[in-house]
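show me the folded form of this:
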Amino acid sequence: MSISSILRQKSSSTARPPPLTGDLELLTTIRFFAALWVFSFHFWSWLGLPDTGLWRAAGSGARGVDLFFVLSGFVIFHVYGQSGTGRDFNFAKFMWRRFARVYPLHFVLLLVWLVFLVGLARIGVQLERSVTLWDLVASVLLIQSWHVTDGLLLNGVAWSVSAEMTAYLSFGLLMSVSRVPPGWKFWSVALATTAIVAHLVARSEGYPGFMHPTWDFGALRILPSFALGVLTRMVADHVGTRGASIVGGIALIGLFFVVQNPDAGYVLLPLFAGLILAAARLSHHLGRMPGVNLFVYLGEISYSTYMVHTLILLIYSNAGPRIFGFWDRVPMTLHAIIVFLIILAASSVSYHLIEKPARNWLNRRWSRRETARAASEGTI
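Numbering: from 1, shown residues only. Sure thing, here's the model as predicted:
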């Protein structure tokens with residue numbers, strides 16, 4: 001074998017993996033399973049589930065939100081991390097698109113919850129406490145994850161939307177003031193610093209760690225997970241298919257055992273990162289497998305699934321026993337399947353009638369605004 005062929009072999013074996021494709025289908029499917037995990041937690045905590053098999057994972061299902069947070073950091077950096085900094089980063093456009101992505105459905109469900117809770121109060125149903133004007137204001141402004149209220153009202157799961165907006169704002173401002181894209185050192189320090197601060201604040205609130213606060217400083221909960229997601233995206237550029245397969249296999253095996261512990265904590269975060277890295281790198285190879293398209297669609301409507309599930313679960317669990325005399329004879333597993341199918345149907349409706357049309361309309365408004373401004377400046 002010639003020296004040149006040896007050098008070519010060495011070069012090919014150490015070459016950087018190809019860049020990630022734009023469409024990472026397997027990441028979208030992860031969103032569905034994260035939403036399912038959160039639903040299972042609420043069903044488990046409200047109605048109870050058998051402590052056997054996969055249902056054991058329901059007890060740790062609240063950590064599905066943290067999986068969303070790590071995934072969010074990965075995706076945001078994947079899309080915007082190389083789009084320039086300073087004046088080259090369009091902060092207003094970035095925040096508008098994030099607003100268009102999450103706010104319309106949040107606002108509609110906020111109104112639905114407001115009418116629902118007021119209606120319950122009118123018919124004499126006792127609530128833990130009445131909804132105040134400040135509760136409404138905090139939810140409208142998406143600041144309800146900053147310890148400005150004293151509980152979760154008006155679609156309580158929306159605290160995580162507030163936390164997401166905190167992360168988006170932080171990322172956008174960072175990119176706007178940076179001369180060059182922040183690299184490994186910055187994000188490593190950001191991960192360590194935010195983790196320490198969030199942990200100390202969570203401990204001061206009586207929690208075992210930062211993966212627990214919601215309305216009481218849930219906005220801090222997202223920051224280390226978001227930074228971890230960004231670092232995971234950076235690592236993905238240096239991991240090939242074989243390495244991703246190994247990492248993904250280890251992550252899946254680890255998650256299988258860890259999620260069965262309701263008290264699972266920080267050990268989940270590197271497992272989430274490994275799962276996301278593998279899914280991103282393997283999407284090109286596995287994204288066209290039979291059945292994946294269904295889960296991609298379920299992932300696309302997962303934000304709706306997450307946002308509507310507590311209201312439907314609340315109505316189902318309270319109205320069902322009053323309407324159906326055989327309610328108590330139905331196994332809880334079957335109840336869980338039935339109500340989740342109802343939630344999926346409602347998610348599909350809300351996605352196609354509210355979430356997607358509103359997002360597209362808002363983004364078109366921004367595009368027309370940019371076109372009009374460019375025309376007035378004579379740049380087109």
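
need the three-state assignment for W146.
coil (DSSP: H, G, I helix; E, B strand; the rest coil).

repeat for V180
coil.

same question for stretch 82-92, mean pLDDT?
For stretch 82-92, mean pLDDT is 88.

neighbouring contacts of it?
Contacting residues not belonging to stretch 82-92 are listed as Y80, G172, L173, M175, S176, V177, S178, R179, V180, P181 [CB atoms under 8 Å, 6 or more residues apart in numbering]. For the C-beta atoms, the positions are set from N, CA and C on the backbone; glycine is no exception.

how far away is the fifth one from H285?
Spelled out, that is S176. Separation of S176 from H285 (CB to CB, to the nearest Å): 36 Å.

same check, this time on the first one
Plainly put, Y80 is 25 Å away from H285 if you go by CB to CB.

ok, those two, which is more surrounded?
For Y80 versus H285, the count of surrounding residues by other CB atoms under 10 Å is larger for Y80: 19 against 12.

what sits against that one?
Neighbours of Y80 in contact, by CB under 8 Å, 6+ apart: F89, F94, F171, M175.

let's see 7 Å
F94, M175 (CB atoms under 7 Å, 6 or more residues apart in numbering).

low-confidence ranges, this protein, go.
1-15, 22, 126, 287, 377-380 (pLDDT under 70).

and the helices in the stretch 201-350 of the chain?
Counting by DSSP state H, counting those that start in this stretch, the stretch 201-350 of the chain has helices at residues 218-236, 241-258, 268-286, 292-300, 302-323, 332-350.

present those as CSV; the columns should include distance to E25.
Formatted as CSV, the helices of the stretch 201-350 of the chain follow (distance: least, CB to CB, whole Å):
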stretch, distance to E25
helix 218-236, 15
helix 241-258, 15
helix 268-286, 5
helix 292-300, 5
helix 302-323, 13
helix 332-350, 19
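
and the closest residue to S162 other than its chain neighbours, how far from F210?
Distances taken as CB to CB, 6 or more residues apart in numbering place S145 nearest to S162, at 3.8 Å, with adjacent residues excluded. With distances taken as CB to CB, S145 is found 12 Å from F210.

then V115?
Distance from V115 to F210, by CB to CB: 34 Å.

so for the two, which residue has more residues nearby?
F210 (28 against 10).

contact partners for the residue nearest to the more buried one when sequence neighbours are not counted?
With CB to CB, 6+ apart as the criterion, F210 has its nearest non-adjacent residue at 3.6 Å, and that residue is A198. The contact partners of A198, by CB under 7 Å, 6+ apart, come to F210, L220, R221, L223, P224.

just the closest of the residues you listed to A374, please.
L223 (35.6 Å; CB to CB).

didn't that closest one look like it was pressed against A195?
No: using CB atoms under 7 Å, L223 is not in contact with A195; the gap is 8.2 Å.

the more surrounded of these two?
Legend: neighbour count by other CB under 10 Å for L223 and A195, higher for L223 (23 against 20).

against L271, how distant is I253?
Taking CB to CB, one finds I253 at 9 Å from L271.

more crowded one of those two?
The residue with more neighbours, out of I253 and L271, is L271; 23 against 11, by other CB under 10 Å.

I'd say that one and F256 touch.
No: checked against CB under 7 Å, the pair L271 and F256 is beyond contact range at 9.8 Å.

grab the nearest non-local neighbour of the residue positioned nearest the centre of the chain.
What sits nearest the mean C-alpha location of the chain, by CA atoms, centre = their mean, is F68, with 2.7 Å. The shortest distance from F68 to any non-neighbouring residue, by CB to CB, 6+ apart, is to A34 (5.2 Å).

hmm, back to that, and of the helices of the stretch 201-350 of the chain, who's closest to L111?
helix 302-323 (11.9 Å).

what is that closest one packed up against?
helix 25-46, helix 91-122, helix 332-350 (3 or more CB pairs under 7 Å, 6 or more residues apart in numbering; DSSP states H and E).

got the buried residues for the longest one?
Using 16 or more other CB atoms under 10 Å as the burial criterion, the residues of helix 91-122 that qualify are 91, 93-110, 113-114, 116-117.

how about the shortest one?
Applying a neighbour-count criterion of 16+ other CB under 10 Å, one finds H335, A336, V339, F340, I342, I343, L344, A346, S347, S348, S350 buried in helix 332-350.

now do it: everything it contacts.
With CB under 7 Å, 6+ apart, helix 332-350 has contacts from 39, 43, 47-50, 105, 301, 304-305, 308-309, 312-313, 316.

just the C-alphas of that helix, formatted as PDB.
Taking C-alpha atoms only, helix 332-350 is exported to PDB below (Å, rounded to 0.1, in the frame of the first residue of the first chain):
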ATOM      1  CA  MET A 332     -57.200   3.000  35.000                       C
ATOM      2  CA  THR A 333     -54.900   1.900  32.100                       C
ATOM      3  CA  LEU A 334     -57.900   2.000  29.800                       C
ATOM      4  CA  HIS A 335     -59.000   5.300  31.200                       C
ATOM      5  CA  ALA A 336     -55.600   6.700  30.400                       C
ATOM      6  CA  ILE A 337     -55.700   5.400  26.800                       C
ATOM      7  CA  ILE A 338     -59.200   6.800  26.200                       C
ATOM      8  CA  VAL A 339     -58.500  10.300  27.600                       C
ATOM      9  CA  PHE A 340     -55.200  10.500  25.800                       C
ATOM     10  CA  LEU A 341     -56.900   9.700  22.500                       C
ATOM     11  CA  ILE A 342     -59.400  12.400  23.200                       C
ATOM     12  CA  ILE A 343     -56.500  14.800  23.900                       C
ATOM     13  CA  LEU A 344     -54.800  13.800  20.600                       C
ATOM     14  CA  ALA A 345     -58.000  14.500  18.700                       C
ATOM     15  CA  ALA A 346     -58.300  17.900  20.400                       C
ATOM     16  CA  SER A 347     -54.600  18.600  19.800                       C
ATOM     17  CA  SER A 348     -55.100  18.000  16.100                       C
ATOM     18  CA  VAL A 349     -58.000  20.300  15.900                       C
ATOM     19  CA  SER A 350     -56.300  23.100  17.900                       C
END
